[in-house]
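Undergrad: model this:
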Amino acid sequence: MTPVELSRTVLHAVRCAVDEGQLSVAVPERVVVSEPGAGGCGEYATNVALQLARAAGKPPRTVAEILRPRLIAADGIEDVVVTGPGFLNFRLGQEADPLQDLVREIRAQGQRYGHGDALAGQVLALRVPYEVRAEVVADAVVRIVASQGGRATVEHQGGRATVEHQGGRATVQHHGGRAAVEHGELVDLRPVPAPEDPAPLGPDAARWALLHPAPHDRPRITADHLVQREGNPLFRVRYAHARVRSLGRGAARLGFAAEPGPLDSAEADTAGTPAFQAHAPQAPAVHAPALHTPLSDYPRILTAAATHRAPDRLARHLVTVADAVLPFLTCVLPIGEEKPSAAHRARLALAEAAGTVLAGGLSLLGIDAPEHL
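TA: Just a heads-up that it's a prediction; the model follows:
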């Protein structure tokens, strides 16, 4: 069960409790699940009971206990424990592997992983000045809002430009005169202007320089965005994607492809292996907990970026994903006399899942994800 699936399961439990009259609250649009905090247990936890308690007129632990039996009955959940003031902690079934499930989900959805309907039916009218950073931020917001089922138009002072996301690209149409905005929530989008023209950086570095800082921060228009070194966040993100693609080509030359499964050679290779062979020397265990959280958090970050019209949140999260995947990439391909194994196929699948997230996020920012770098 993936975090997205677990979130839907929790929402279903809340809806059932409301329908049966045990809770009198508005069912939230979404529920956030994450790794348990201090004092928690299991693989995931949520604070939904604390969020609903005031509206329900009940203590958070009472709300949690109302939801608990419905959650325990759900497929894929082994146990639910209430801790602290009312946190719900989930232990998934023993046969479930959250990371494998997550990799399968990303592979199935491709670059649409993280897209949803949180803003379905909403139309945003973004009012921006004639300034390069405002234009670039508005274009990215249009793409990100579309990823969550919404639609956005952009109106300039002294004239109107309609920006819509269709077929993977944003189009802009300018209209003479000032047109009234219809059926849209008016949003002023005024980031701190760029101190100089970013065009000499090239399209990708220029967009990153304008999108990566928070809107209230002054963007740096310097050649640092072009330097291929670890101190350059854009380089790390694009390099991580290019490395993943390179590993895929290397695996193809070695005759194997990605397939989700256990990352540990011992666990992967002894599955279905006779007992007398299971004691053969194995390669050291490989763990990737640092990758699980940023990949599973991506849908939440994307929704937040759309809701708050903040492409900088997406840009910074891509840096987090890149920093998590880069150290892992050294163990993807066989080393020395190693032969390709099920564990290598699983590691490649995880690396490619991270690459998919990086490519999808860069695309929403309007930045190229290179095959080679």
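Undergrad: Any stretches of the stretch 101-250 of the chain with poor pLDDT?
TA: 157-184 (pLDDT under 70).
Undergrad: Tell me where it has strands.
TA: 123-128, 151-156, 159-166, 169-175, 185-188 (DSSP state E, counting those that start in this stretch).
Undergrad: Neighbouring strands of the last one in the sheet, and parallel or not?
TA: So that's strand 185-188. Within its sheet, strand 185-188 is paired with strand 123-128 (parallel), according to DSSP bridges.
Undergrad: mind saving the C-alpha coords of the strand it pairs with as CSV?
TA: This file holds the C-alpha atoms of strand 123-128, laid out as CSV (Å, rounded to 0.1, in the frame of the first residue of the first chain):
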residue,chain,number,x,y,z
VAL,A,123,-10.2,28.6,-12.2
LEU,A,124,-7.5,31.0,-11.0
ALA,A,125,-7.0,34.4,-12.6
LEU,A,126,-3.3,35.3,-12.0
ARG,A,127,-2.7,39.1,-12.2
VAL,A,128,1.0,39.8,-12.8
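Undergrad: That one to strand 151-156, inter-axis angle?
TA: With axes from the mean of the first three to the mean of the last three Cα atoms, to 10 degrees applied, the angle from strand 123-128 to strand 151-156 works out at 30 degrees.
Undergrad: Show me what counts as buried in strand 123-128.
TA: Leu124, Ala125, Leu126, Arg127, Val128 (16 or more other Cβ atoms under 10 Å). All C-beta atoms are positioned from the backbone trio N, CA, C, and that covers glycine.
Undergrad: doesn't Leu189 make contact with the last one?
TA: Yes - counting by Cβ atoms under 8 Å, Val128 sits close enough to Leu189 to count as a contact (4.8 Å).
Undergrad: which among the buried residues of strand 123-128 gets closest to Ala146?
TA: Relative to Ala146, the closest of the buried residues of strand 123-128 is Leu124; by Cβ to Cβ it sits at 10.4 Å.
Undergrad: shared neighbours, Val128 and Leu189?
TA: Common contacts of Val128 and Leu189, defined by Cβ atoms under 8 Å, 6 or more residues apart in numbering, comprise Ala134, Val137, Ala138.
Undergrad: now that we have the residues you listed, which one has the most neighbours?
TA: Highest neighbour count within these, by other Cβ atoms under 10 Å: Ala138, with 26 neighbours.
Undergrad: Give the full set of residues in contact with that one.
TA: Here Ala138 is in contact with Leu126, Val128, Ala152, Val154, Val163, Leu189 (Cβ under 8 Å, 6+ apart).
Undergrad: want to try a markdown table for those residues, with distance to Asp264 as columns?
TA: As requested, the contacts of Ala138 are exported to a markdown table (distance: Cβ to Cβ, whole Å):
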| residue | distance to Asp264 |
| --- | --- |
| Leu126 | 48 |
| Val128 | 50 |
| Ala152 | 45 |
| Val154 | 50 |
| Val163 | 48 |
| Leu189 | 47 |
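Undergrad: Do a quick rundown of the helices in the stretch 251-373 of the chain.
TA: Assignment of helices within the stretch 251-373 of the chain using DSSP state H, counting those that start in this stretch yields the ranges 265-270, 275-278, 289-307, 311-325, 342-365.
Undergrad: Return the residues in contact with the residue most central in space within the chain.
TA: Closest to where the C-alpha atoms of the chain average out (Cα atoms, centre = their mean) is Tyr298, at 1.1 Å. Contacts for Tyr298 (Cβ under 8 Å, 6+ apart) come out as Tyr113, Gly114, His317, Val321, Val357, Gly361.
Undergrad: ok, and for stretch 71-80, which residues are buried?
TA: By neighbour count with 16+ other Cβ under 10 Å, stretch 71-80 contains the buried residues Leu71, Ala74, Gly76, Ile77, Val80.
Undergrad: Among these, which are located in strands?
TA: Among the buried residues of stretch 71-80, the members falling in strands (DSSP state E) are Ile77, Val80.
Undergrad: among the buried residues of stretch 71-80, which two are most distant?
TA: It's Gly76 and Val80 that sit farthest apart of these, by Cβ to Cβ, at 11.8 Å.
Undergrad: Stretch 186-206: end-to-end distance?
TA: 27 Å (Cα to Cα, to the nearest Å).
Undergrad: same question, stretch 35-44
TA: Start-to-end span of stretch 35-44 (Cα to Cα) is 5 Å.
Undergrad: For it, which outside residues touch it?
TA: 3, 6, 33-34, 45, 79, 81, 83-84, 87, 89-92, 98, 293.
Undergrad: Name all residues that make contact with Phe323.
TA: No Phe there; residue 323 is Asp. Arg236.
Undergrad: 10 Å - rerun?
TA: Applying Cβ atoms under 10 Å, 6 or more residues apart in numbering, we find Asp323 in contact with Glu230, Pro233, Arg236, Val237, Ala240, Ala290, Pro294.
Undergrad: one step back: check the buried residues of stretch 71-80 for the minimum pLDDT and say which it is.
TA: Least confident entry in these, by pLDDT: Gly76, with 84.
Undergrad: Which residue, neighbours along the chain excluded, lies closest to that one?
TA: Spatial nearest neighbour of Gly76, chain neighbours left out: Met1 (4.0 Å); criterion: Cβ to Cβ, 6 or more residues apart in numbering.
Undergrad: my read: that neighbour touches Leu92, true?
TA: Yes - with contact defined as Cβ atoms under 10 Å, Met1 counts as touching Leu92 (5.6 Å).
Undergrad: intersection of neighbour lists for those two?
TA: Counting by Cβ under 10 Å, 6+ apart, the residues touching both Met1 and Leu92 are Glu43, Tyr44, Gly76, Ile77, Pro98, Asp101.
Undergrad: Identify the farthest-apart pair in those.
TA: Maximum pairwise distance in the shared contacts of Met1 and Leu92, criterion Cβ to Cβ, is 12.8 Å, between Ile77 and Asp101.
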